[in-house]
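*Asks:* next input, structure requested:
(one chain, ligands or ions: 1)
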Amino acid sequence: MSTLNYGETFALWRKGAGAAWGDYTRHSFVQGLGDGTLPRAAFLHYLVQDYVFLVHFSRAWSLAVVKSETMDEMKICAGTVDALVNHEMDLHVKTCAAEGISQETLFQSREETANLAYTRYVMDAGVQGDFLDMMAALAPCVMGYGEIGLNLGNVAADHPYADWINTYRDPEYQSVCTSVGQMIDGAVTRRLGDLKTSPRRDHLQGRFTKATELEVGFWQMGLDGA
Ligand SMILES: Cc1ncc(CO)c(N)n1
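*Replies:* Numbering: from 1, shown residues only. The predicted structure is shown next:
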């Protein structure tokens, strides 16, 4: 989607992921969220797992703060930790509270394998690799949900998944995607010059594509375990 304003590097990686990108952003779980037909049990199953996901995802962004080389990188990464911990997770806490699931229960939920695989893959990208390895593994999560939020469009207030959709359509979430995208472009230029001709291009693409595939697995987990 050329209208997305998430940066040049993201656009290149997104295209390089091929069919996996559509498998992720147009998964049947996403279609069900959009048209409201997703069973509530599948949604709640997903949401509880996603809370645990965000705990570890926030840890990964915190490692990116550690690996930053400029003030700009540090600010964006620290800002993303703040957006996750203090904003996005509120959606999970509030939605679950309305269903009688406490924050304590959420934090202690059993982490399923597809969930664990994804966040630890991202974390390992940072432990084994450098800042760009981390960004390639983190970008599909951040930008994919931004794209999904925009794709699902404007829904009525009484739509069963309006709160979820609006969290990702929201200008606040969209601006996280835009600023992360800009920061990644700067980080790539600073370290590699032109990504297209860099010897690291394929390796970074591999990280992005793998993380995209793990997102597909995450939606599937939501459907399967409900
Ligand atoms: C699995 C997953 N990917 C991305 C996001 C967006 O932060 C999320 N909440 N959960």
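*Asks:* what helix or strand is the residue most central in space within the chain located in?
*Replies:* Taking CA atoms, centre = their mean as the criterion, residue 141 is the residue nearest the geometric centre of the chain, at 1.9 Å. Using DSSP states H and E, residue 141 maps to helix 131-152.
*Asks:* for that helix, packing partners?
*Replies:* Packed against helix 131-152 by the contact rule (3 or more CB pairs under 8 Å, 6 or more residues apart in numbering; DSSP states H and E) you find helix 8-16, helix 19-25, helix 28-35, helix 40-67, helix 113-128, helix 162-169, helix 171-192, helix 201-224. From N, CA and C alone the C-beta is placed, and that goes for glycine too.
*Asks:* how about the CA coordinates for the fifth one, as PDB?
*Replies:* Meaning helix 113-128. The C-alpha coordinates for helix 113-128 follow below in PDB (Å, rounded to 0.1, in the frame of the first residue of the first chain):
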ATOM      1  CA  THR A 113       4.300 -21.800  22.300                       C
ATOM      2  CA  ALA A 114       3.600 -19.600  19.300                       C
ATOM      3  CA  ASN A 115       3.600 -16.600  21.500                       C
ATOM      4  CA  LEU A 116       6.800 -17.500  23.300                       C
ATOM      5  CA  ALA A 117       8.500 -18.400  20.000                       C
ATOM      6  CA  TYR A 118       7.800 -14.900  18.600                       C
ATOM      7  CA  THR A 119       8.900 -12.700  21.400                       C
ATOM      8  CA  ARG A 120      12.000 -14.700  22.100                       C
ATOM      9  CA  TYR A 121      12.900 -14.700  18.400                       C
ATOM     10  CA  VAL A 122      12.800 -10.900  18.500                       C
ATOM     11  CA  MET A 123      14.800 -10.800  21.700                       C
ATOM     12  CA  ASP A 124      17.400 -13.100  20.300                       C
ATOM     13  CA  ALA A 125      17.700 -10.900  17.200                       C
ATOM     14  CA  GLY A 126      18.900  -8.200  19.600                       C
ATOM     15  CA  VAL A 127      21.100 -10.500  21.700                       C
ATOM     16  CA  GLN A 128      22.900 -12.100  18.700                       C
END
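*Asks:* buried ones in that helix, by neighbour count?
*Replies:* Neighbour counts using 16 or more other CB atoms under 10 Å place 114, 115, 118, 119, 121, 122, 123, 125, 126 of helix 113-128 among the buried residues.
*Asks:* is the ligand contacted by the helix or strand bottoming out on mean pLDDT in the chain?
*Replies:* Lowest by mean pLDDT, DSSP states H and E among the helices and strands of the chain is helix 103-107, with a mean of 90. No: legend: contact between helix 103-107 and the ligand by CB under 6 Å from any ligand atom is lacking; minimum distance shown is 13.3 Å.
*Asks:* okay, and for this structure, where does confidence drop off?
*Replies:* 1-3 (pLDDT under 70).
*Asks:* which positions in it make contact with the ligand?
*Replies:* For the chain, the contact set with the ligand under CB under 6 Å from any ligand atom comprises 50, 53, 54, 88, 141, 145, 215, 218.
*Asks:* measure the fourth one to residue 129 for me?
*Replies:* For residue 88, the distance to residue 129 equals 25 Å [CB to CB, to the nearest Å].
*Asks:* more neighbours: which of those two?
*Replies:* Remark: of residue 88 and residue 129, residue 88 carries more neighbours, 22 against 18, as counted by other CB atoms under 10 Å.
*Asks:* hmm, the more buried one is touching residue 55, no?
*Replies:* No: between residue 88 and residue 55 there is no contact under CB atoms under 8 Å: 11.4 Å.
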